[in-house]
Structure formats: C-alpha cells, structure tokens
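*Asks:* Quick one: sequence plus predicted model below, questions after.
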Amino acid sequence: MSKRATILLLSVVLCVPATAQGWSQERYDSLLASITAPSFRADTTWIAAPGSKGAIKALRNSTYTEIINTEIEKCSERGGGVVALPAGVYNTAGITLRSNVDLHLCEGATLKFSGDPQDYLPVVRTRWEGVDCMNYRPLIYACGQSNIAITGNGEIDGSASSENWWWMKGRKEFGYVKGMPSQGNTGRPLLMKYNDAGTPVGARIMGEGKNLRPQLINIIESENVLIQGVTLRNSPFWVVHPLLCRNFTMRGVTVCSFGPNNDGCDPESCNGVLIEDCTFFTGDDCIALKSGRNNDGRRCATPSRGVIIRRCHFAAGHGGITIGSEISGGFNGLYAEDCSFDGEDLQHVLRFKSSRVRGGEISNVNVRNFDVAVCSRSCINVDMQYEPKETSDKVYEPKVNGVNISGITVESCRSFLEIKGTGADGCISGFRVSGCRISSCEEQFVFDQAEPEELTDIVFE
C-alpha cells in the first residue's frame, strides 16, 4: 500500500469507535499467580573455588565437569538443595541439571564452557529449529526434571566464536570459508528431510559432521524451572531453550550473545511462562515463542500458551518479541507489558512469522505500554510468507487472530505496521491497534494481502 493510501485508511478507520480490548486483568492475574518459581531446601554444597587448596586437591583426579555434575547428582539424591560456585572461573564441559537442585553462581563466578565439539558427545534428544533429533549435547541440559534452577549474579560463558561453533552457520562474517562443511550443506537439509518423511527421532542422528550447533541451555519436559540473575554470553546457537516445559520463569537475566541464530529465549511448546526484568543483546530474535516446525510441530500438537513478558529491555536483535516461525503447533495467550526497546541493531519490536509450510494458529495476543526509542525496521511486523523458498508442502494456512496492541510510543522506526498475509480468508482477523504515538517513521503502514481490523487513535507527529 502506498503512503497516499495509508493516509486515507487512517482517516477512515479513526472514525470507527474503539471496541473492547482483549486484555483481561482477571485472566492476567490468574495466569501470573499460576506461574510460581521453585523453592529449595536450605542445604548448600560449596564447590571449591579455583586456586583454593580444596580445588587443587579435588582437581588432581577429576575436572570441574565431573565435580559439578557429581555434586548436583548427589544433592538431588538426598532430597535437593543448592550447589553453589564462589567467585572464580570454572572451566567445564556439559552440565546436567537434576530435580530439586539450584545451581547458584555467586557474583564473580563464571562457568566457562569448552569450545571443543567433542566435549558434547554422545548425542542427546533435543529439538533443532523446531525439529526433533539426536544432536550435540546442549552445554547445560535437563530432561524430565522438576524444581530446577540456575540463579545468582555470576556468568555463564558458552565460549562460542568464529573459531569453534559459529563458522558452522556457513557465513563468512563468522569464520566460514567457501568449501568448508556447514549446517546448510550437511545436517540441516538432512534433518528437514527426516521431518518431511516422519523418520523416527532416534534415527535422526546429528552431532559430529552434521554441524548443527547446540543450545547454551536446553531444558526438556520439565516443570517448575527458574533462571534468575545470571548473565549469559557467547552461545553456540539458541541461548535459553525450554522445550515442552510447564511453569518456567526467567527473571533478571542479561543475555549478551551476538552469534548466528543466537536467540535470547525460545520457549517452545511450553505452558505457563514468565519472563520479566530481563535485558537482551542478541544476534537473532530476543524472545521467540515457538511450537515445533512443520510435520514435527503438527505431530506433537502442543501449542505454547500462557506467556507473560513484562519490564524487559530489548537493545539488539532481529525482533524484540517474536511468535514463530516454528509455530506449527500453534500459540495461545500472550500478555506483554511495560517493556522498552532501543537500538539501531534492533530490527523489529513485535514480530509474527509463519507460512503455508509452517501453518499454525496464533491467537489471543495482548500487548500494552511499550516504549520504543529506536527500531531500524518495522515496529510491528506480521509476515505469513516467511522463508518463501522453503520446498515442503505449502498446504497449511497460517492464521493470526485476536491481537490487541495498545499504548506504544515510538521515537523512530522505518515503518510502524507491516502486514503480509497469504490472501486466504481468515489469515489475519481481529487484529487491533490503538492508542499509539509515533514521532518519526518513513512509512506508516505497509499492507500486502491483509489488513488490520481496526486502527484507532494512531497519531503520527
């Protein structure tokens, strides 16, 4: 739609009386009360700090990988508690979280992970870009646990760089040289074939030679999970990836990871998620809500639902809050409020991504009171033609319905609202935006094969 057309559209829509917004304080309060962080026994095991007499003695016959994992396992077996790391740098490989244990990093403590892919074998069950597989072991991993946490003011450094993990993406800015193997010419196309064919997950062996990088933190089929206070850096792939979890809280966490596909937090097929008071500097989407890709997402048929995001700051990334694109299982129920966005390296504030390959229905999305200083592209972006070159069957119509956005103030963006539909009836429905103020933008609205149901009190100054 041209600029001249958008001016006319705005004048017409503004004459329509505002309808009730979708935000329900009663539903919000009920959801918030249902997401409770786990608590732990007052039983603390202290890991010997690097350089101490205890550490020198303990490390004669073992490594910090063994020491930390052993103490977590022992703590869980005796009923749980806290495994604490005092200040120091702990060089380690994979860490496994266990039920009823809080892994606590004191201020000045850094878990520094090995950058050697061999340290993350044998493969374990996970999902990679929404597709189930057996892949490199995530650096911190849990499966089938309850009441687990990572807390404290310390740091977790995945040590990923262009020298070890990031080159596998296949981009020269991350160390890739033409002729090298990459995810694009080895593991990724193979995994997508497995998805299309319905190959049993246990036969989808990735890992060595397939170049699919692991997550920094991957927690699967677990409940009552807390990540609080820590700073997360230099992930090989997605930073925090809760998968098929219930009751997940991420609070006061700083994510600073600029590698390829370095999404900040990707709750996938999760029920009951609270992300609050976090800060994101990422190489991809900051928060991305997902539910599986293509056939795997439809087979699992587990939507993400019941998500609250509040008081977070988004400084760099492709999208601040994103739903999709691996959304084949659907999404229902987002409440996002009181967030701030600021940075030339932040492309979008709110994104919706799917396609006729992904399908999925995104519904009941409620957003209010966002303060946007700068985003370099569109403030609100809806793209139902995402990754148009994907070759799988294009027969699954995506749908976005019941979206209510209000109270966004923007100092500068390239465009305020972009919507790209499929042309199918019902692709975009019940999409309402109200009470927004935009100081500077090059283009107000861009609509392609779909338009919002209602725009009210949208002021371009």
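*Replies:* Cool, the structure landed. Numbers count the residues shown, from 1 in each chain.
*Asks:* could you point out which element follows the helix or strand of the chain with the lowest mean pLDDT?
*Replies:* Within the chain, no helix or strand scores below helix 3-13, which has a mean of 36 by mean pLDDT, DSSP states H and E. Once helix 3-13 ends, the next helix or strand along the chain (criterion: DSSP states H and E) is helix 25-34.
*Asks:* residue ranges for the strands of the stretch 151-300 of the chain, please.
*Replies:* 155-157, 217-220, 223-228, 231-233, 240-243, 246-251, 254-257, 271-276, 279-282, 287-289 (DSSP state E, counting those that start in this stretch).
*Asks:* can I get the ones you listed in a markdown table with mean neighbour count?
*Replies:* Every C-beta, even on glycine, is put in place using the N, C-alpha and C of the backbone. Below are the strands of the stretch 151-300 of the chain laid out as a markdown table (neighbours: other CB atoms under 10 Å):
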| stretch | mean neighbour count |
| --- | --- |
| strand 155-157 | 23 |
| strand 217-220 | 25 |
| strand 223-228 | 23 |
| strand 231-233 | 22 |
| strand 240-243 | 26 |
| strand 246-251 | 22 |
| strand 254-257 | 22 |
| strand 271-276 | 23 |
| strand 279-282 | 24 |
| strand 287-289 | 28 |
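*Asks:* and residue 126, which of the ones you listed is closest to it?
*Replies:* The closest of the strands of the stretch 151-300 of the chain to residue 126 is strand 217-220. By CB to CB, the value is 5.6 Å.
*Asks:* got the CA positions of the closest one in PDB?
*Replies:* Output of strand 217-220 as PDB, limited to C-alpha atoms (Å, rounded to 0.1, in the frame of the first residue of the first chain):
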ATOM      1  CA  ILE A 217      20.700 -24.000  28.000                       C
ATOM      2  CA  ASN A 218      18.100 -26.600  26.900                       C
ATOM      3  CA  ILE A 219      15.500 -27.900  29.400                       C
ATOM      4  CA  ILE A 220      13.100 -30.500  28.100                       C
END
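*Asks:* just how off-centre is it within its chain?
*Replies:* 12 Å (CA atoms, centre = their mean, to the nearest Å).
*Asks:* Then stretch 65-74?
*Replies:* 28 Å.
*Asks:* mean confidence for it?
*Replies:* Stretch 65-74 shows a mean pLDDT of 98.
*Asks:* Residues in contact with it: which ones?
*Replies:* 45, 47-48, 58-59, 62, 83, 85, 90, 92-98, 101, 103 (CB atoms under 8 Å, 6 or more residues apart in numbering).
*Asks:* Just the CA atoms of it, as PDB, please.
*Replies:* Taking C-alpha atoms only, stretch 65-74 is exported to PDB below (Å, rounded to 0.1, in the frame of the first residue of the first chain):
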ATOM      1  CA  THR A  65      32.800 -31.000  34.700                       C
ATOM      2  CA  GLU A  66      32.900 -34.200  36.900                       C
ATOM      3  CA  ILE A  67      32.900 -32.300  40.200                       C
ATOM      4  CA  ILE A  68      29.900 -30.100  39.400                       C
ATOM      5  CA  ASN A  69      27.800 -32.800  37.900                       C
ATOM      6  CA  THR A  70      28.600 -35.200  40.700                       C
ATOM      7  CA  GLU A  71      27.600 -32.700  43.400                       C
ATOM      8  CA  ILE A  72      24.400 -31.800  41.500                       C
ATOM      9  CA  GLU A  73      23.500 -35.500  41.300                       C
ATOM     10  CA  LYS A  74      24.300 -36.200  45.000                       C
END
